[in-house]
Structures are given as structure tokens and as C-alpha cells.
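Student: Sequence and predicted structure below; questions after.
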Amino acid sequence: MKKISLMILVMIIFGSMGCAGAEEARVPVIGINQFGEHASLDNCREGVVQGLLDAGLTEGEDFTLDYQNAGFDTGIATQIAQNFSANQVALMVAIATPSATASYAAAEDKDIPVVFTAITDPVEAKLDQGNVTGTSDKLPVEAQLDLIRQMQPEADTIGILYTTSEPNSVSAIAEYQLHAGAYGFSIEAIGVTQQSEVTLAADSLISKGVDCFSNLTDNNVVGVLSSVLEKTDAAGIPVYGSEVEQVKLGAVAAAGIDYFELGRQTGSMVARILLGEATADEIPYETISEYGIYYHSDALARMGLVLPEELLAKAIDVAE
Amino acid sequence: MNVLLDLTIGILTQGFMYALLSYGVYITYKILDFPDLTVDGSFPLGAAVTAVMLTRGVNPYLTLPLVFVVGALAGLLTGWIHVKLGIRDLLAGIITMTALFSINLQIAGSNLIVDRSVDTLFTAAPTMLLLGSFTLIQRKLMVTFLVALVFKILLDLYFKTKNGLLLRAVGDNSVLVTSLAKDKGRVKIIGLVIANALVALSGALVCHEQRAFSSTMGTGQVVFGLATVIIGATLFKKWGFIKGTTAAVAGSIIYKACIQVAISLGLPANLLKLITAVLFLVILVYGNRRKEQVSGHA
């Protein structure tokens, strides 16, 4: 009895590993290694699929997707990448830096192309050469500063919360500090080391009397943005987001990235590689050239702010 | 079958890298009966130190002994807080772990990625000279296996020395140690030092393999270590001759295999941890039932 149950267990284990590989001979499999689930990363993934469809590819006929997310665990991201590598997927799509690093480490040996997205600085992440390409979500910092200046002509200080261990955030802060002076702002940045410290740091920023918050795409901060917004709403301080999802949550406005569009741009790169038009090696990584102005009319009204006429024309209201 | 072979190589490589962490937890939890939470800090400490040294051009082989020493210091700190300052075991570990979070970030600056042009343990000249004909994946397996094996043998030898026997006595019967006119506090510190040196070494190997350090990579490593030690011990209870270190390696491999199975099953990504938990449960229940069966025959 015991032996039979053990045998069944072993059969399930090996069967599950083996069958994944059996399908691949027919349709190329795209392995998607997403670091975790949050709205921006999900949008990215949906954008990638849209980009593939736009290129005239059909899911099920021209490609199949194997989507895995690591639940923000670097160790699991590694194992997902190894699984893709062992199953000889046609291509890996990696969403966010830790997944990209893990995917490239596993793909390198077999020369499987890796296409990343949602990485701020591919050079810093050492993903700028080899059989790897993708899109960068570098923030349009100057556009954001310009937006804030137009919305709040009297403002002096911009408060920013960020995680000290996230290279994306650290480089964004440097960018802010570089350009703030030109727009007449000073930057008050508070670094945290983990998510539980974010709301405490928000309290501290509010107490320092900043005129507004500007948000990065910092994973820790975005994860608890709602509770930060509760505090800033109570204090009457407007928060500017860095992408559309943050505005949907209640940030007043953003000059930011549409992650769906970023994903779509990535998807078209994936399509080119799948169709054999170019290799990942040949395609340089791209930084999203377009940014959108998004605003939340309810949040604006709450803060007593208005969007200048010239911005209103091209801006999108995300309030429901 | 190629898929299966590659997956197995991946699982074994992961298993051997993390086996060093399992040895560490085996020493503290199983031998010393000391729930050491330092692990969540000393594991990324090993990776942080390695990442910095590799980027600065330090010889990849030299990183290992240096990490060993740094990890030992982390263990020494926990031991000192516990034994000399009289802080409870759990709290002593928590204090060191918390402090290490900052120290790790201070060492590395922020999350660090090691450039591909930098040689690691798996690509350095001496490794290539010996194993250059194999693929990178195979080299990783061989090197990690070798490291895990060497430390297993060293530990098994150490446990037979007078010092090693004292270590085991502290966990089993600390009164005996005192009656032998030995300082059990000192023995505990030695155990923590060795354990955390091994844990840091595990972090170093992972950093070599991934070419990356992230400040959160230590989260959950204590739980992982405990699970591997318990899985190993449960499965091999029947065979008394199997050493604890061997069981720890096996536990580490099984844990990584469970995660890989959960990934391979292709179930909804959010259920990954749940499936892993169910697989553990099956293994533990299976192990326990066999134990009952054995005692039933006796």
C-alpha cells in the first residue's frame, strides 16, 4: 500500500515535469516570468500579449503562453526560470528586474532569448548585452516636475518616499534632485528599508510640511499607496503618481507611463524575435518614448486643484 | 527526457547550494536545540559580501573563506548577545537578524547585480580548466555538489571530535556538560559561529549562481532551513545510520523539488506556496506513517 502510494506520487511528479515539454514541439512556448502580482506588472503582461496579437500572431497557433509569477520571491523566480530553460521555451519574457536577472542566468547557457520589461535601468541591471533585450520604464521625471509646477505654481518642496534597496528608486531620486532646481523645487526624500516603514515615513514627510508628494514606481511604496493616500488626504497634501494605476487609486495626477503600452511595445519585440526577423542580440533595448498625462477629477476636486487648460486637452481622466 | 534531466540538474544545484544553509540550521535547531533566527540575516550577508567582492575584482575562490569568516562573526554576535548578555535565544537571533538587514544594505549599497564579465566560482579559470568541457548548467551542479560534499564530510568529522561531542551534549543534556566542568555557553557560541558561517556560505553560492544580491533574499530562509531539516529527519528516521547532514541535503533537495513540481504542474501562479505546503504535508505524513509501522513491528 505504502509503496503504491509512493509510486503514484513519483509518477505524478515526473509526469507533471515531462508533459510540459511534450507540447512544445508543435507551438512555440513563451515563458512569462513575472516577479509578482500588482496592477502595473499585470498591465505589462497583458500589454505583451496585445503586442503579439497586434503583430498578427494567434495564441494557440503561433505561440502559447506559460505564465508563472514568483510572488516577489527571488528564489522562486530562479526556479521558474530554470523550469523554462529545461522545457526549452522558445523565448522568456521577464517582468521586473529580479525575474529578468534570474531568467537571463538560466537562459544564457541554452541561448534562449530573454525579453524583459518594467526595468528602469537595463545597464545597471547588466542586461544591455547578450541574447537579451526589452523595454525600460524609466520615469519621465522632467515632465512630472513640469506638471507639478503647472498645477501648483506656489509649491516649494516635493516629498518622495522610496526604498533604499531598490536601484530603480535610487536612480529616480538622483534624477529628481538633478532637475528639481530648474523647476524651482527642492526635494525632501525619505528612504525606507521595508514596506512596514512606508506609512511611518509618510507621516514624517507630512510633518515636514512638504507641498506635495511625488510617487515613484517603488514596489514597497506602491504596495501600500492607499494607506499613504489616506494620510495625505487627511493632511490636504496632493500626491502625484508615476503611472496610471496610481492615479486610479486616488493620486491627483501623473505624467507617467502606461504599463499596458510598455508591454505592447515589448510584445512587438517578442513578435519580431519569434518570427525570425531579428534576434534579441540585434535589437537594442527601448525606453518608452511616450508618456501620458493622467488625472483623477475627484481627487483634484478634493484638493481644490485644477488642471491647466493646455494640459486638459491631452490628459485622461481616470475617475469612474 | 532531456527536460527531465535539465530540471533534475536545476533542482540538485539549488538543493546543494542551500544544503549549506540546512547544515547550519541542523546544527542550531537539531543539535543545539537553539531556534536561531540569525539565518534570515546571515544568508543575505554572505551574498552581499560576495557581490561586493566580485564587483571589486576579488578572486572568486577567495570570496568563500572571507564570507565564512564574516558569517561566523554574525553567529558570534548572536551567541554573545544570548550567552553574555543573557537575552533569550529567539530574541538574540531577531536582534542580530534586524541589525544585519541594515548592515547588508550598508555593505552592498543597494541591491547589486554582478556584471557578466566578472568571473564567478563557475566560470573562473581553474574551474574551466577542470570542467571546461561541460556546459554551464552542468558545471554549476558539479561545483555546488563538491562544496556541499566537502562541508558534509568536514562536519561529520567535526561531530566526532571532543568539541563536536560537547556540542551534541549541550543540546541533549546540558547538565552533563556542566558536570564535566565545561562552559556550555561557550559551546553554544561555537555552534552558532559554525552554523552562521555555513549559512553565509550558502548565500555566497547563491550570489555566485545568480550574480545578484537583493536585500530581501533572506526572508523565509529560517523556515526553509527548518523545513529541510525536519523533512530529512522524518524521511530517514527508519535508517539510523544515515547522518543528520545527509538528511539535511536530502531535505534541501526535496524542498526545491517540491517547488519545481508545483511550477511544473502549471497551476495558477498564486497557488504555488499552497501546493508546496500540500506536498510537504504528504511527505511528512508519509514519513510519520512509516515510523509508526516500524515501531509497530518492534
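Tutor: That came in fine, so what should we check first?
Student: Quick check: nearest residue in space to residue A:265, chain neighbours excluded?
Tutor: Excluding the flanking residues, the one nearest residue A:265 by Cβ to Cβ, 6 or more residues apart in numbering or on different chains is residue A:135, at 5.2 Å. In short, each C-beta sits where N, CA and C put it, glycine included.
Student: the strands in the stretch 151-300 of chain A, which residues?
Tutor: Using DSSP state E, counting those that start in this stretch, the strands of the stretch 151-300 of chain A run over A:157-163, A:186-192, A:212-214, A:239-243, A:253-257, A:286-287, A:292-295.
Student: can I assume residue A:102 is in contact with residue A:77?
Tutor: Yes: between residue A:102 and residue A:77 a contact is recorded at 4.3 Å, counting by Cβ atoms under 8 Å.
Student: before we move on, the earlier item: and chain B, which of the strands of the stretch 151-300 of chain A is closest to it?
Tutor: strand A:157-163 (8.6 Å; Cβ to the nearest Cβ).
Student: Strand partners (parallel or antiparallel) of the closest one?
Tutor: Here strand A:157-163 has these sheet partners by DSSP bridges: strand A:186-192 (parallel), strand A:212-214 (parallel).
Student: That strand versus strand A:239-243: what angle between them?
Tutor: If you take axes from the mean of the first three to the mean of the last three Cα atoms, to 10 degrees, strand A:157-163 sits at 50 degrees to strand A:239-243.
Student: From chain A, how far off is residue B:67?
Tutor: Residue B:67 sits 18 Å away from chain A, going by Cβ to the nearest Cβ, to the nearest Å.
Student: ok, how many other residues are close to that residue?
Tutor: Neighbourhood size, residue B:67 [other Cβ atoms under 10 Å in any protein chain shown]: 26.
Student: Where does it fall, secondary structure wise?
Tutor: Element membership of residue B:67 [criterion: DSSP states H and E] is helix B:60-79.
Student: Who are the contact partners of the residue nearest to residue A:265?
Tutor: Counting by Cβ atoms under 8 Å, 6 or more residues apart in numbering or on different chains, residue A:135 touches A:116, A:117, A:118, A:119, A:262, A:265, A:266, A:269, A:285, A:286, A:287, A:288.
Student: Quick check, pLDDT for it.
Tutor: Residue A:135 carries a pLDDT value of 94.
Student: Contact partners for residue 35?
Tutor: Since no chain was named, I'll use chain A. A:41, A:69, A:70, A:72, A:77, A:95, A:96, A:97, A:98, A:99.
Student: Correction: the question concerned chain B.
Tutor: Residues in contact with residue B:35 (Cβ under 8 Å, 6+ apart) are B:28, B:29, B:89, B:90, B:93.
Student: repeat that for 7 Å
Tutor: B:29, B:89, B:90 (Cβ atoms under 7 Å, 6 or more residues apart in numbering or on different chains).
Student: For chain A, see how far away it is.
Tutor: Counting by Cβ to the nearest Cβ, the gap from residue B:35 to chain A is 22 Å.
Student: what does residue B:147 give?
Tutor: From residue B:147 to chain A the distance is 18 Å (Cβ to the nearest Cβ).
Student: how near is that residue to residue B:204?
Tutor: Applying Cβ to Cβ, to the nearest Å, the value for residue B:147 to residue B:204 is 10 Å.
Student: More neighbours: those two, which one.
Tutor: Set side by side, residue B:147 and residue B:204 show more neighbours around residue B:204, with 33 against 20, by other Cβ under 10 Å.
Student: give me every residue that touches the more buried one.
Tutor: B:46, B:47, B:50, B:63, B:64, B:67.
Student: re earlier: save the strands of the stretch 151-300 of chain A as JSON lines, and put in mean pLDDT and mean neighbour count too.
Tutor: Converted to JSON lines, those look like this (pLDDT from 0 to 100; neighbours: other Cβ atoms under 10 Å in any protein chain shown):
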{"stretch": "strand A:157-163", "mean pLDDT": "95", "mean neighbour count": "23"}
{"stretch": "strand A:186-192", "mean pLDDT": "93", "mean neighbour count": "18"}
{"stretch": "strand A:212-214", "mean pLDDT": "96", "mean neighbour count": "25"}
{"stretch": "strand A:239-243", "mean pLDDT": "93", "mean neighbour count": "27"}
{"stretch": "strand A:253-257", "mean pLDDT": "90", "mean neighbour count": "28"}
{"stretch": "strand A:286-287", "mean pLDDT": "89", "mean neighbour count": "16"}
{"stretch": "strand A:292-295", "mean pLDDT": "92", "mean neighbour count": "22"}
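Student: and the contacts of residue B:35, which of them are in helices?
Tutor: Here DSSP state H is the test, and those give B:89, B:90 as lying in helices.
Student: Just the buried subset of the contacts of residue B:35, please.
Tutor: Buried by 16 or more other Cβ atoms under 10 Å in any protein chain shown: B:29, B:89, out of the contacts of residue B:35.
Student: From the contacts of residue B:35, list the ones also adjacent to chain A.
Tutor: By Cβ under 7 Å from any Cβ of the partner chain, no member of the contacts of residue B:35 lies near chain A.
Student: just curious, which of the contacts of residue B:35 is nearest to residue B:191?
Tutor: Comparing these against residue B:191 with Cβ to Cβ places residue B:29 closest, at 10.5 Å.
Student: Give the next helix or strand downstream of whichever strand or helix holds residue B:188.
Tutor: Assigned by DSSP H and E, residue B:188 belongs to helix B:184-210. Sequence-wise, the next helix or strand downstream of helix B:184-210 (DSSP H and E) is strand B:212-213.
Student: is that next one anywhere near chain A?
Tutor: Yes: residues of strand B:212-213 contacting chain A under Cβ under 7 Å from any Cβ: residue B:212.
Student: and the helix or strand following that strand, which residues are buried?
Tutor: Remark: after strand B:212-213, the chain's next helix or strand is helix B:221-235, criterion DSSP H and E. Within helix B:221-235, the residues scored as buried using 16+ other Cβ under 10 Å are B:221-222, B:224-235.
Student: how big is the angle separating the helix holding residue B:188 from helix B:60-79?
Tutor: Interaxial angle, helix B:184-210 versus helix B:60-79 (the same axes, to 10 degrees): 140 degrees.
Student: got the angle for helix B:184-210 vs helix B:221-235?
Tutor: Going by the same axes, to 10 degrees, helix B:184-210 makes 100 degrees with helix B:221-235.
Student: number of nearby residues for residue B:142?
Tutor: Look at residue B:142: counted by other Cβ under 10 Å, it has 17 neighbours.
Student: quick one, what contacts it?
Tutor: Counting by Cβ under 7 Å, 6+ apart, residue B:142 touches B:131, B:134.
Student: Okay, helices next: where are they in the stretch 101-250 of chain A?
Tutor: With DSSP state H, counting those that start in this stretch as the criterion, the stretch 101-250 of chain A has helices at A:141-151, A:167-180, A:198-207, A:219-223, A:225-235, A:244-249.
Student: Residue B:202 and chain A: what is the separation?
Tutor: From residue B:202 over to chain A (counting by Cβ to the nearest Cβ), the distance is 12 Å.
Student: so how far is the helix holding residue B:188 off the chain centroid?
Tutor: Computed by Cα atoms, centre = their mean, to the nearest Å, the separation of helix B:184-210 from the middle of its chain amounts to 8 Å.
Student: pLDDT averaged over it - what is it?
Tutor: For helix B:184-210, the per-residue pLDDT averages 95.
Student: can you check stretch A:298-309 too?
Tutor: For stretch A:298-309, mean pLDDT rounds to 91.
Student: End to end on that stretch, go ahead and measure it.
Tutor: End-to-end distance for stretch A:298-309: 17 Å, by Cα to Cα, to the nearest Å.
Student: Buried ones in it, by neighbour count?
Tutor: So for stretch A:298-309, counting by 16+ other Cβ under 10 Å, buried means A:299, A:300, A:303, A:307.
Student: Nothing else from me, thank you.
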